[in-house]
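Peer 1: show me how the following folds:
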Amino acid sequence: QVQLVESGGGLVQAGGSLRLSCAASGLTFSNYVLGWFRQAPGKEREFVARISWGGSRTTYADSVKGRFTISRDNAKNTVYLQMNSLKSDDTAVYYCASGPYGGTWNSPQWDYWGQGTQVTVSS
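Peer 2: Numbers count the residues shown, from 1 in each chain. The predicted structure is shown next:
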């Protein structure tokens, strides 16, 4: 079955950086759109970024544009989220997600989810 396992979370000071990784198994990685979401305490889960099958297209939430970068390595079945200039508002559990097999870029769907990794930014 499909498994997504996030890593790389932790405690960082405001202005610092972290790189999250999400290792996937049980799927033909390059056939799936991948994304990152986050959920802060008391808030709903929100979209952060997504990346197309080959990595040529990306989309970001306005709140992270210019600070976060999503990338993927199809040879390693891994998607990354480089987070720079972190703010206290970025504190959340970060989730990796995969779309359905194939999927469409203009109608994003998310079928598989990881367990999440905690990111805490201290001010």
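Peer 1: which ones are touching W110?
Peer 2: G35, F37, A97, S98, G99 (Cβ atoms under 8 Å, 6 or more residues apart in numbering). C-beta here means a position set from N, CA and C on the backbone, and glycine is covered the same way.
Peer 1: try 10 Å this time
Peer 2: For W110, the contact set (Cβ atoms under 10 Å, 6 or more residues apart in numbering) comprises 33-35, 37, 45, 47, 50, 95, 97-100, 103.
Peer 1: what's the spacing between the residue most central in space within the chain and S123?
Peer 2: Centroid-nearest residue in the chain: W36, 2.3 Å away (criterion: Cα atoms, centre = their mean). Distance, W36 to S123, using Cβ to Cβ, to the nearest Å: 22 Å.
Peer 1: wasn't the residue nearest to the centre of the chain part of a helix?
Peer 2: No - W36 is assigned strand when assessed by DSSP: H, G, I helix; E, B strand; the rest coil, not a helix.
Peer 1: test my guess that it contacts C96.
Peer 2: Yes - with contact defined as Cβ atoms under 10 Å, W36 reaches C96; the gap is 6.1 Å.
Peer 1: what do these two both touch?
Peer 2: Joint contacts of W36 and C96 (Cβ under 10 Å, 6+ apart) are E6, L20, C22, V79, Y80, L81, G114.
Peer 1: helix or strand for the closest residue to the residue nearest to the centre of the chain other than its chain neighbours, just tell me which one.
Peer 2: Once flanking residues are discounted, W36 sits nearest to V48: 4.3 Å by Cβ to Cβ, 6 or more residues apart in numbering. Element membership of V48 [criterion: DSSP states H and E] is strand 46-51.
Peer 1: dump that strand to PDB, restricted to CA.
Peer 2: The C-alpha trace of strand 46-51 is given here as PDB (Å, rounded to 0.1, in the frame of the first residue of the first chain):
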ATOM      1  CA  GLU A  46      -4.000  24.300   5.000                       C
ATOM      2  CA  PHE A  47      -2.300  23.900   1.600                       C
ATOM      3  CA  VAL A  48       1.400  24.900   1.500                       C
ATOM      4  CA  ALA A  49       2.800  23.800  -1.800                       C
ATOM      5  CA  ARG A  50       2.500  21.300  -4.600                       C
ATOM      6  CA  ILE A  51       4.700  20.000  -7.400                       C
END
